[in-house]
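Participant: Okay, predicted coordinates and the sequence, questions at the end:
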Amino acid sequence: MKKRFLGTAALASALAFSVSFSSYAQDAAQDLKKAGHETKEAAKDTGKGIEKGTKAGYEDTKKGTKAGYHKTKRGTKKVIHKTASATEHGAEKVEDKSAPK
């Protein structure tokens, strides 16, 4: 009877150990799979953040470039008109000096 009990106890403990070991292996595999998914999601989030920052930088640069272009264009026109006015004024002075007396 003792042998039978020992055999049953040994079988029960082996079965319990194998069930707990296989559940541990499943937990480890699930943990690795979960870690892989979390890493993937973190990479996606990082990519989206970079994309958003890049778009914002592009839009700000585009806006600043247009503003600079328009200011340069306006300033150039202003200089041209002032130069033309000064040239006319200078031409009048020269004309007065070169007129026959």
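Facilitator: Received the coordinates, thanks. Remember, predicted model here, so these are calculated numbers, not experimental data.
Participant: can you list the weak-confidence ranges in the chain?
Facilitator: For the chain, the stretches with pLDDT under 70 are 1-26, 98-101.
Participant: what about 90?
Facilitator: For the chain, applying pLDDT under 90 flags the ranges 1-32, 85-101.
Participant: Helices of that one, start to end?
Facilitator: With DSSP state H as the criterion, the chain has helices at 2-98.
Participant: Relative to residue 94, how far out is the most centrally placed residue in it?
Facilitator: Closest to where the C-alpha atoms of the chain average out (CA atoms, centre = their mean) is residue 50, at 1.3 Å. Here the distance between residue 50 and residue 94 works out to 64 Å (CB to CB, to the nearest Å). For the C-beta atoms, the positions are set from N, CA and C on the backbone; glycine is no exception.
Participant: same question, residue 42
Facilitator: Separation of residue 42 from residue 94 (CB to CB): 76 Å.
Participant: what's the spacing between the residue nearest to the centre of the chain and residue 88?
Facilitator: Distance, residue 50 to residue 88, by CB to CB: 57 Å.
Participant: same check, this time on residue 94
Facilitator: On the measure of CB to CB, residue 94 and residue 88 end up 11 Å apart.
Participant: ok, now residue 73?
Facilitator: Between residue 73 and residue 88 the distance is 23 Å, computed by CB to CB.
Participant: and what of residue 53?
Facilitator: Applying CB to CB to residue 53 and residue 88 gives a distance of 53 Å.
Participant: One more: residue 39?
Facilitator: Here residue 39 is placed at a distance of 73 Å from residue 88 (CB to CB).
Participant: try residue 69
Facilitator: Counting by CB to CB, the gap from residue 69 to residue 88 is 29 Å.
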